[in-house]
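Student: with the sequence up front, the predicted model follows.
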There are 2 protein chains.
Amino acid sequence: MPRIRLYIDHPLAEGQTVPLAPEQAHYLFAVMRLGEGESLRLFDGQTGEWEAEVLQTGRRGSLRVRAQTQPMAWPPDLWLLFAPIKKARTDFIVEKATEMGCRRILPVRTDFTNSERVRADRLRLHAVEAAEQCGGVFVPEVAEMSPLATLLAEWEEGRLLWFCDETLAEQASVPPARTGQPGAVLIGPEGGFSEAERTRLRALPFARAIRLGPRILRADTAAVAALTLWQMIEGDWR
Amino acid sequence: MPRIRLYIDHPLAEGQTVPLAPEQAHYLFAVMRLGEGESLRLFDGQTGEWEAEVLQTGRRGSLRVRAQTQPMAWPPDLWLLFAPIKKARTDFIVEKATEMGCRRILPVRTDFTNSERVRADRLRLHAVEAAEQCGGVFVPEVAEMSPLATLLAEWEEGRLLWFCDETLAEQASVPPARTGQPGAVLIGPEGGFSEAERTRLRALPFARAIRLGPRILRADTAAVAALTLWQMIEGDWR
């Protein structure tokens, strides 16, 4: 199996000729030094994975799709909401959420969020790169940053929100039981949630407080840990 | 509660005067600008956490221990064995293992390990820093790098080793049942385990293959995910 995997931003089909964007051509022919007739794998986020061969190299290079190598596999219906932190760790969270099989990644502004702005287009490139590397056939959507209050006010019916609450008493530390409902995990910023946010979250009928052990986890660690629990209880790790 | 936490490499007790190493004095007085009489928190990895005050600033500065603020809390008896990868991700794994409550961190050389050398002293500094930041009172031991075969040959009786095996069939994807035994989690390198290693691991009576979902996880993601499952099933997250 060819090791190089490339995300293509439109639907693929057998026999199709795929023109390349300049940065894709640069990556394949200048960086990876692929030659004519050599193969790679493509995915479009909608039709699974395909083997393709290089039709023409160079800046106006193109590929031809040969045959499907993986059927489409949608990740479970799981969202990650997180308060952006320092740039490198925000990038890591997007990478991890992609590997862990989230459908949507939603940066949220909370009372204690330090980071004012997040470039969703830059984060989307990280999600694409993570999907290329982790062998997935799906790229999660990265939403524009929204205030947490807005997201909660417009919450989709039937989706359960797990929020990580360090202040929970130990007796509440059980992971929630399986419900089979779509889910979302909310990770707060470094300073945690404000008292007002915590009160609001606890009162929401669709929210469940969960506790991730007795130590304080950084946001990126907490994201992977909470997504692990969700995937094991509700998702595709069972 | 003072926000600054500092690890001190010898046992602490009430009323004790604590001399500072030059780099500690630099951090407290030049970087954090603590003044005489101001407080911070100390821990030594053995006696819990203590509040202390600045007795004298400057290069030969010292602190006085006031009173205990947290009793000692040992993490569960869990080790992390991992094949070092690129420097930044190796550092992340050590940070995460500390937050996740490992007792020992053991870098291992496997058949497909790329990284030839690991400086255990540098990794230990990362563990100290992570413990300072996550509010823990324990710093895991970081062992020198060993060949995986040596560690397995000298394995401690009664300790169960979970190894993450991407090649496991789906029906094996259940997390193992609770045993109450000490544990260890083994994360392979980017290229996975060799066929010989996998055969060897599967034949060991103390080893259990576990599967972390249908997507390929990077080593640092896999470490957090596997440690989450262990802490929830065997450790102090229950």
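Tutor: Now that the structure is in, tell me what you want to look at.
Student: which residue packs closest to the spatially most central residue of chain A, ignoring adjacent ones?
Tutor: Nearest residue to the geometric centre of chain A (C-alpha atoms, centre = their mean): residue A:98, 3.2 Å. Residue nearest to residue A:98 in three dimensions, not counting chain neighbours: residue A:130, with 3.8 Å by C-beta to C-beta, 6 or more residues apart in numbering or on different chains. C-betas here are computed from N, CA, C, even on glycine.
Student: and that neighbour, that one's in a helix?
Tutor: Yes - Residue A:130: assigned to a helix according to DSSP: H, G, I helix; E, B strand; the rest coil.
Student: I'd assumed residue A:95 was in contact with it.
Tutor: Yes - using C-beta atoms under 8 Å, residue A:130 is in contact with residue A:95, at 4.3 Å.
Student: quick one: strands adjacent to the helix or strand that contains residue A:80?
Tutor: For residue A:80, the element it lies in under DSSP states H and E is strand A:78-82. Paired strands of strand A:78-82, with direction, are strand A:104-109 (parallel), strand A:183-187 (parallel) (DSSP bridges).
Student: of all these, which lies closest to residue A:39?
Tutor: Closest approach to residue A:39 among the strands paired with strand A:78-82 (C-beta to C-beta): strand A:104-109, 30.9 Å.
Student: next, the buried residues of the closest one.
Tutor: For strand A:104-109, a neighbour-count test (16 or more other C-beta atoms under 10 Å in any protein chain shown) marks A:105-109 as buried.
Student: what does chain A have sitting close to chain B?
Tutor: With C-beta under 8 Å from any C-beta of the partner chain as the criterion, chain A meets chain B at residues A:73, A:75, A:92, A:95-96, A:99-101, A:133-136, A:173-175, A:211-218, A:221, A:224-225, A:228-229, A:231-232, A:235-238.
Student: can you flag the buried ones in those residues?
Tutor: Buried subset of the residues of chain A next to chain B (neighbour count, 16+ other C-beta under 10 Å): A:75, A:92, A:95-96, A:99-101, A:134-136, A:173, A:175, A:211-218, A:221, A:224-225, A:228-229, A:231-232, A:235-237.
Student: please name the nearest non-neighbouring residue to residue A:83.
Tutor: Leaving aside its chain neighbours, residue A:83 sits nearest to residue A:189 (3.7 Å; criterion: C-beta to C-beta, 6+ apart).
Student: residue contacts, that neighbour?
Tutor: Contact analysis of residue A:189 by C-beta atoms under 8 Å, 6 or more residues apart in numbering or on different chains lists A:83-85, A:110, A:112-114, A:219.
Student: turn the residues you listed into JSON lines, columns for secondary structure, pLDDT and neighbour count.
Tutor: Shown next, in JSON lines, are the contacts of residue A:189 (DSSP: H, G, I helix; E, B strand; the rest coil; pLDDT from 0 to 100; neighbours: other C-beta atoms under 10 Å in any protein chain shown):
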{"residue": "A:83", "secondary structure": "coil", "pLDDT": "93", "neighbour count": "27"}
{"residue": "A:84", "secondary structure": "coil", "pLDDT": "89", "neighbour count": "23"}
{"residue": "A:85", "secondary structure": "coil", "pLDDT": "80", "neighbour count": "19"}
{"residue": "A:110", "secondary structure": "coil", "pLDDT": "93", "neighbour count": "22"}
{"residue": "A:112", "secondary structure": "coil", "pLDDT": "89", "neighbour count": "14"}
{"residue": "A:113", "secondary structure": "coil", "pLDDT": "83", "neighbour count": "21"}
{"residue": "A:114", "secondary structure": "coil", "pLDDT": "69", "neighbour count": "12"}
{"residue": "A:219", "secondary structure": "helix", "pLDDT": "91", "neighbour count": "20"}
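Student: the strands in chain A, which residues?
Tutor: Along chain A, counting by DSSP state E, strands occupy A:5-7, A:17-19, A:39-43, A:49-56, A:62-70, A:78-82, A:104-109, A:141-142, A:146-147, A:160-164, A:183-187, A:207-210.
Student: so which of those gets nearest residue A:126?
Tutor: strand A:141-142 (8.3 Å).
Student: what helices and strands are in contact with that closest one?
Tutor: Judged by 3 or more C-beta pairs under 8 Å, 6 or more residues apart in numbering or on different chains; DSSP states H and E, the packing partners of strand A:141-142 are strand A:104-109, helix A:120-134.
Student: do that again at 6 Å, thanks
Tutor: Here strand A:141-142 touches helix A:120-134, going by 3 or more C-beta pairs under 6 Å, 6 or more residues apart in numbering or on different chains; DSSP states H and E.
Student: pull the residues that contact the helix it packs on.
Tutor: Helix A:120-134 has contacts (C-beta atoms under 6 Å, 6 or more residues apart in numbering or on different chains) with A:5, A:7, A:91, A:94-95, A:98-99, A:139-140, A:142, A:144, B:215-216.
Student: CA atoms only: put that helix into CSV for me.
Tutor: Extracted C-alpha coordinates of helix A:120-134, given in CSV (Å, rounded to 0.1, in the frame of the first residue of the first chain):
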residue,chain,number,x,y,z
ALA,A,120,-10.8,28.4,11.6
ASP,A,121,-9.2,28.0,8.1
ARG,A,122,-5.8,27.4,9.7
LEU,A,123,-7.2,24.9,12.1
ARG,A,124,-9.0,23.1,9.2
LEU,A,125,-5.6,22.6,7.5
HIS,A,126,-4.5,20.9,10.7
ALA,A,127,-7.5,18.6,10.7
VAL,A,128,-6.8,17.7,7.0
GLU,A,129,-3.2,16.9,7.8
ALA,A,130,-4.1,14.8,10.9
ALA,A,131,-6.7,12.9,8.8
GLU,A,132,-4.0,12.3,6.1
GLN,A,133,-1.6,10.9,8.7
CYS,A,134,-4.0,8.9,10.8
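Student: gap between residue A:46 and residue B:217?
Tutor: Distance, residue A:46 to residue B:217, by C-beta to C-beta, to the nearest Å: 23 Å.
Student: what lies in contact with the strand holding residue A:80?
Tutor: For strand A:78-82, using C-beta under 6 Å, 6+ apart, the contacting residues are A:93, A:97, A:102-106, A:108, A:183-187.
Student: just how off-centre is it within its chain?
Tutor: Here strand A:78-82 is found 8 Å from its chain centre; the criterion is C-alpha atoms, centre = their mean, to the nearest Å.
Student: swap in stretch A:139-159?
Tutor: In terms of C-alpha atoms, centre = their mean, the centre of stretch A:139-159 is found 14 Å from the chain centre.
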